[in-house]
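**Student:** Sequence first, then the predicted structure, then my questions.
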Amino acid sequence: MSETMEQYEQEINASFRKFEEGDMVTGTITSVADDEITLDLNSYAQGVVKALEVSADPAFSIRDNMEVGQEVSAVVLSGDDGEGSVSLSIRQATEILAWDKLKEYMENETNLSLTVGGVVKGGVITYVEGIRGFIPASMLSLSYVEDLTTWLKKEITARVVEIDPDKKRLILSCRVILKEQQAEERERKINSIAVGTVLEGTVESLQTYGAFIDLGDGISGLVHISQISQKRIKKPAEVLSVGDKVKVKVIKIADGKIGLSMKVLEEVTEKPETIEVFDYKETGEASTSLGSLLSGFDFEE
């Protein structure tokens with residue numbers, strides 16, 4: 001009986017709770033309209049959330065995203081208006097709770113599926129946990145983005161890269177994910193190439209230490225100057241030019257780099273000096289006798 005009376009007293013005290021501006025409260029949605037929702041705050045007063053205070057996302061729909069019976073958190077904007085209603089903001093509560101979530105996303109490098117909600121100078125706008133985020137144009141793609149309007153309403157995958165709750169600053173990037181995917185794909189392609197494979201490529205650049213060969217499909221390798229020719233050369237430009245088509249052999253793959261050789265595929269053009277060897281036999285009759293060797297000489301005076 002004492003426990004029941006204690007619970008009853010708690011409920012009475014809660015029902016007469018005074019709501020102060022800035023308080024964080026939890027309530028259950030009792031009705032949903034286009035312009036506002038109402039909350040049961042387990043008190044004498046009901047909570048009222050106007051449409052503008054539900055979400056900062058202009059694409060957010062109260063009808064589509066809020067439903068009766070749903071429990072939500074809200075911040076008190078003003079106390080009892082004298083008619084038993086307390087003005088609340090779900091948007092502000094979402095912001096307070098969201099920054100911790102955003103920090104968690106950044107620390108865990110979480111990939112987020114988002115929709116571009118707006119285009120501004122220098123980038124696009126999207127919303128994460130109800131917070132307005134900015135993606136600079138340079139972080140949207142691996143290549144230059146000429147027309148940002150083509151990204152409006154586009155589904156993207158991005159990652160939180162910078163947050164500042166005090167300044168309400170949220171920066172995201174798609175590029176960081178694309179770079180990782182590109183690196184993984186490159187590694188996969190490199191791993192599919194076996195040492196000893198002969199390939200055809202194009203000279204893409206010349207350096208003092210060798211030549212970089214474009215092997216196609218986004219893969220390139222290095223022919224060190226010592227592996228360019230069987231002849232001694234001082235610089236790759238002596239025998240190669242950018243754009244040349246060459247055949248190369250893969251001689252090494254390590255740390256995501258491909259070592260190539262042209263030298264091992266060259267044919268030997270200089271024949272080794274041939275030394276004629278006579279076979280003198282000590283058995284049998286010599287093919288040329290001493291008499292025949294001296295027969296041509298006249299020893300008479």
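**Tutor:** Sure, I can see it. Numbers count the residues shown, from 1 in each chain.
**Student:** from what I can see residue 126 touches residue 117, true?
**Tutor:** Yes. Counting by Cβ atoms under 8 Å, residue 126 does reach residue 117; the two are 5.6 Å apart. The way it works is simple: take the backbone N, C-alpha and C, and place the C-beta from them, glycine included.
**Student:** Please say which of those two ends up with more neighbours.
**Tutor:** Using other Cβ atoms under 10 Å, the more surrounded residue of residue 126 and residue 117 is residue 126, with 24 against 17.
**Student:** just checking, next helix/strand downstream of the host helix or strand of the more buried one?
**Tutor:** Element membership for residue 126 (DSSP states H and E) is strand 123-128. The helix or strand immediately downstream of strand 123-128 is strand 131-136, counting by DSSP H and E.
**Student:** List the buried residues for the helix or strand following that next one?
**Tutor:** Following strand 131-136 in sequence order, the next helix or strand is strand 155-164 (DSSP H and E). Neighbour-count burial for strand 155-164, with 16 or more other Cβ atoms under 10 Å as criterion, is recorded at 156, 158, 159, 160, 161, 163.
**Student:** Just give me the closest of the residues you listed to residue 264.
**Tutor:** residue 159 (44.4 Å; Cβ to Cβ).
**Student:** Beta-bridge partners for the closest one, please?
**Tutor:** On the basis of DSSP bridges, residue 159 is bridged to residue 173.
**Student:** Identify the residues contacting it.
**Tutor:** Contacts were defined as Cβ atoms under 8 Å, 6 or more residues apart in numbering; by that measure residue 159 touches 105, 106, 109, 110, 111, 112, 172, 173, 174, 176, 177.
**Student:** returning to what we had before: make a markdown table out of the buried residues of strand 155-164 and add distance to residue 59.
**Tutor:** Supplementary listing: the buried residues of strand 155-164 in a markdown table, determined by distance: Cβ to Cβ, whole Å:
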| residue | distance to residue 59 |
| --- | --- |
| 156 | 14 |
| 158 | 16 |
| 159 | 21 |
| 160 | 20 |
| 161 | 23 |
| 163 | 22 |
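**Student:** ok so, going back, out of the contacts of residue 159, who has the most neighbours?
**Tutor:** residue 172 leads these on contacts (other Cβ under 10 Å) with 27 neighbours.
**Student:** right, and that residue touches residue 139 too?
**Tutor:** Yes. With contacts counted by Cβ under 8 Å, residue 172 reaches residue 139, the gap being 7.3 Å.
**Student:** Which residues are in contact with each of the two?
**Tutor:** residue 161.
**Student:** quick one: secondary structure of the residue nearest to the spatial centre of the chain?
**Tutor:** For the chain, residue 177 is the residue whose C-alpha lies nearest the centre (Cα atoms, centre = their mean; 2.4 Å). Recorded secondary structure, residue 177: helix (DSSP: H, G, I helix; E, B strand; the rest coil).
**Student:** and if you look at residue 180?
**Tutor:** helix.
**Student:** Any idea how far the strand holding residue 126 is from the middle of the chain?
**Tutor:** 18 Å (Cα atoms, centre = their mean, to the nearest Å).
**Student:** Report the mean per-residue pLDDT for it.
**Tutor:** Mean per-residue pLDDT for strand 123-128: 95.
**Student:** got the contact list for it?
**Tutor:** Strand 123-128 is touched from outside by 56-57, 59, 98, 102, 105, 112, 114-119, 132-137, 139-140, 148, 151-152, 156, 158, 160, 170, 172, with contacts defined as Cβ under 8 Å, 6+ apart.
**Student:** Just the buried subset of these, please.
**Tutor:** 57, 98, 102, 105, 112, 114, 116-119, 132-135, 137, 139-140, 148, 151, 156, 158, 160, 170, 172.
**Student:** And the helices in this protein?
**Tutor:** 2-15, 62-65, 90-108, 175-191, 290-294 (DSSP state H).
**Student:** which residues touch the closest residue to residue 59 other than its chain neighbours?
**Tutor:** Distances taken as Cβ to Cβ, 6 or more residues apart in numbering place residue 117 nearest to residue 59, at 5.6 Å, with adjacent residues excluded. Residue 117 makes contact with 57, 58, 59, 124, 125, 126, 127, 153 under the criterion Cβ under 8 Å, 6+ apart.
**Student:** Need the contact partners of stretch 80-97.
**Tutor:** With Cβ under 8 Å, 6+ apart as the test, stretch 80-97 has contacts from 18-19, 24-25, 27, 39, 41, 44-50, 52-56, 72-79, 129-131, 168.
**Student:** How about stretch 255-267?
**Tutor:** Looking at stretch 255-267 with Cβ under 8 Å, 6+ apart, the contacting residues turn out to be 186-187, 190, 193, 198-199, 201, 213, 215, 219-224, 226-230, 246-253.
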